[in-house]
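Student: No letters, just coordinates:
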């Protein structure tokens, strides 16, 4: 998904939720990996130009500041479900939904790791 997103623009800035934001959205057992580590892993990828961490429930404020030409989300969303889509389109940007890859889910991976069972693909 990240390589596809990078191909859609001149640079790829990946926005990730802070640890507090993840806990608020997904519960007290998340995140599994701290934001600093998640950001470092993403920044090491050749297709990623920068990583920014946001504390809010949505990245609307940071999107309002950076005004991307393209905002990419995975296929588990629709543009209508994204509260931040209005910010992107208000500044003339496009919201692009990229299909997810079947069998890749952080929630499924975490559940499998906790249960000791392998993930299915």
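Tutor: Sure, I can see it. Since this is a predicted model, take the numbers as computed values, not measurements.

Student: Buried residues of stretch 64-81, list them for me.
Tutor: 68, 71, 72, 73 (16 or more other Cβ atoms under 10 Å). Bear in mind the C-beta positions are built from the backbone N, C-alpha and C, glycine included.

Student: got the contact list for that stretch?
Tutor: With contacts defined as Cβ atoms under 8 Å, 6 or more residues apart in numbering, stretch 64-81 is touched by 1, 4-5, 8-9, 13, 63, 82, 84-85, 87-88, 91-100.

Student: from those, which would you call buried?
Tutor: Buried among those by 16+ other Cβ under 10 Å: 5, 9, 63, 82, 84, 85, 87, 88, 93, 95, 97, 98.

Student: Next, format those residues as CSV and append pLDDT.
Tutor: Shown next, in CSV, are the buried ones among the contacts of stretch 64-81 (pLDDT from 0 to 100):
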residue, pLDDT
5, 96
9, 94
63, 98
82, 92
84, 94
85, 96
87, 97
88, 97
93, 97
95, 96
97, 95
98, 92
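
Student: For the residues you listed, work out which two are farthest apart.
Tutor: Within these, 87 and 98 form the most distant pair, 19.0 Å apart (Cβ to Cβ).

Student: rewinding a little: take the buried ones among the contacts of stretch 64-81 and keep only those in helices.
Tutor: Among the buried ones among the contacts of stretch 64-81, the members found in helices (DSSP state H) are 5, 63, 85, 87, 88.

Student: The protein: strands as residue ranges?
Tutor: Along the chain, the segments classed as strands by DSSP state E run 13-17, 50-54, 70-74, 94-98.

Student: out of the buried residues of stretch 64-81, who's nearest residue 48?
Tutor: Using Cβ to Cβ, residue 72 comes nearest to residue 48 of those, at 12.3 Å.

Student: Could you find the closest non-adjacent residue to the closest one?
Tutor: In this structure, residue 72 finds its nearest non-sequential neighbour in residue 5, 4.0 Å apart by Cβ to Cβ, 6 or more residues apart in numbering.

Student: so that neighbour touches residue 11, yeah?
Tutor: No: the pair residue 5 / residue 11 is not scored as a contact, 10.4 Å apart, by Cβ atoms under 8 Å.
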